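[1] Let me see the structure of the following:
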Amino acid sequence: MGDLLQPWHLILIALIVVVLFGGKKLPELGKGLGEGLRGFKEGMKGITDDANDAKKSVTDAAKTDSTTTPTTTK
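    Numbering: from 1, shown residues only. Sure thing, here's the model as predicted:
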């Protein structure tokens, strides 16, 4: 089993896409795909930012807890 995706496979796939969607639909299809990928990347960035913020707040809370000493009042 050599390479699964040969150059002529890509040409055949491109030809099938052109036949199925037509030349006029391809720009719209590409635009929709690009917007979808952009939205996905922004969503992933938001999740990563939220996780980093949560990690930072936990780390800051741990530092604060370890540096403070409990006081007792009588």
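[2] how many neighbours does Leu26 have?
    Neighbour count of Leu26, defined by other Cβ atoms under 10 Å: 13. Glycine gets a C-beta too; all of them are placed from N, C-alpha and C.
[3] and it, what element?
    Element membership for Leu26, per DSSP states H and E: helix 7-67.
[4] same question for that helix, mean pLDDT?
    Averaging pLDDT along helix 7-67 yields 87.
[5] how far is it from where the chain is centred?
    Relative to the centre of its chain, helix 7-67 is centred 4 Å away, using Cα atoms, centre = their mean, to the nearest Å.
[6] switch to numbering from 19
    Shifting the count to begin at 19 puts that one at helix 25-85.
[7] Summarise which helices and strands that helix is packed against.
    Contacting helix 25-85 under the criterion 3 or more Cβ pairs under 8 Å, 6 or more residues apart in numbering; DSSP states H and E is no other helix or strand.
[8] I'd like to know how far Arg56 sits from Lys49.
    11 Å (Cβ to Cβ, to the nearest Å).
[9] for Ser75, same thing?
    Using Cβ to Cβ, Ser75 is found at 39 Å from Lys49.
[10] Ile29 now?
    In terms of Cβ to Cβ, Ile29 sits 23 Å off from Lys49.
[11] go on, Lys81?
    Noted for Lys81: a distance of 48 Å to Lys49, by Cβ to Cβ.
[12] With Ala79 instead?
    Note on Ala79: its distance to Lys49, by Cβ to Cβ, is 45 Å.
[13] repeat for Ala32
    Per Cβ to Cβ, Ala32 is found 18 Å from Lys49.
[14] and Gln24, what are its phi and psi?
    Note on Gln24: backbone dihedrals following degrees, to the nearest 10 are phi -90, psi 160.
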